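Novice: Fold the following and give me the result.
(one chain, ligands or ions: 1)
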Amino acid sequence: EQQQDLAGRKIIITAGPTYEKIDPVRFIGNYSSGKMGFALAEECASRGAHVTLISGPVTLKTQHPHIRRIDVESAGEMYEAASREFTDADAGILCAAVADFTPESVADHKIKREKDDLVLQLKPTQDIAASLGKQKKPGQKLVGFALETNDERQNAQGKLERKNFDFIVLNSLNDKGAGFRYDTNKITIIDRQGYTDYPLKSKREVACDIIDKLVRN
Ligand code: C5P
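Specialist: You can find the predicted model right below:
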């Protein structure tokens, strides 16, 4: 029997990629599958939480009746949903791979092939994590993710502070079988006390470790 240590808690989770429209048939996206965020949602729900899962475009399905799913496409839509849903939540887990830039304008018609170079003007998106970190009230918890290619621990530590997370989960792209699209992941959890390395595990087991940390914290 799963212990119900999140009974009655509201937890919001962002998951998956975002798509930023270029024209009616094209977008800027990324390789996030949503698997880690969906595993976290199932784990939280099985421990008694009411989960609001805010997901970018993914092919995954949700199973548990206590997962309320809000499907979004762009960083802007994810920002709107997350800001609204976090206000009465006990915790937020920000697992989504949110685009950092979005086209300055969306073309009305499909952009045609030309001989000349095509230049897309991009503008920064809102940082959902930083915004929720500012909005965070006493008693609310905020967990972030980081995917780094260099100076991993130092960069993740900077994000922990800048975005006001309670702890941050670092995935390394240097580890075989970890990260985007895989069913396994290898993480380091960093908080203000220090860091803990975990071995390579299934994403559901990784989700269990992260939620254990959230409950203990
Ligand atoms: O700064 P960076 O994108 O590496 O930070 C990663 C963390 O911030 C993740 O938890 C991610 O979900 C979150 N994030 C966000 N909104 C953005 C960019 C990142 O919530 N626009």
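
Novice: Which residue ranges of this protein form strands?
Specialist: With DSSP state E as the criterion, the chain has strands at 10-15, 20-23, 26-28, 50-55, 67-71, 91-94, 101-103, 122-124, 141-148, 167-172, 184-185, 187-190, 195-197, 201-202.

Novice: Considering those strands, which stretch scores lowest in mean pLDDT?
Specialist: For those, mean pLDDT drops lowest on strand 184-185, to a mean of 88.

Novice: what's the worst-scoring helix or strand of the chain on mean pLDDT packed up against?
Specialist: Comparing helices and strands within the chain by mean pLDDT, DSSP states H and E singles out strand 184-185 as the least confident, with a mean of 88. Contact here means 3 or more C-beta pairs under 8 Å, 6 or more residues apart in numbering; DSSP states H and E; on that basis strand 184-185 packs against strand 201-202, helix 203-216. In short, each C-beta sits where N, CA and C put it, glycine included.

Novice: just so I know, which of the ones you listed lies nearest residue 5?
Specialist: Distance to residue 5, taken as C-beta to C-beta, is lowest for helix 203-216 among those, at 5.2 Å.

Novice: circling back: most tightly surrounded among the helices and strands packed on strand 184-185?
Specialist: Per-stretch averages of neighbours, counted by mean count of other C-beta atoms under 10 Å, single out helix 203-216 among the helices and strands packed on strand 184-185, with a mean of 19.

Novice: So that one, near the ligand or not?
Specialist: No - Helix 203-216 lies apart from the ligand when judged by C-beta under 6 Å from any ligand atom; the minimum separation is 12.0 Å.

Novice: With just CA atoms, put that helix into CSV.
Specialist: Output in CSV follows, covering the C-alpha atoms of helix 203-216 (Å, rounded to 0.1, in the frame of the first residue of the first chain):
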residue,chain,number,x,y,z
LYS,A,203,11.8,7.9,-14.2
ARG,A,204,9.1,6.7,-11.9
GLU,A,205,11.8,5.7,-9.3
VAL,A,206,13.4,9.1,-9.8
ALA,A,207,10.0,10.7,-9.2
CYS,A,208,9.7,8.8,-6.0
ASP,A,209,13.1,10.1,-4.8
ILE,A,210,12.2,13.7,-5.7
ILE,A,211,8.8,13.5,-3.9
ASP,A,212,10.5,11.9,-0.8
LYS,A,213,12.8,15.0,-0.8
LEU,A,214,9.8,17.3,-1.1
VAL,A,215,7.9,15.7,1.8
ARG,A,216,11.0,15.7,4.0
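
Novice: tell me the angle of it relative to strand 141-148?
Specialist: Angle of helix 203-216 versus strand 141-148, following axes from the mean of the first three to the mean of the last three C-alpha atoms, to 10 degrees, is 140 degrees.

Novice: Okay then, goodbye and thanks.
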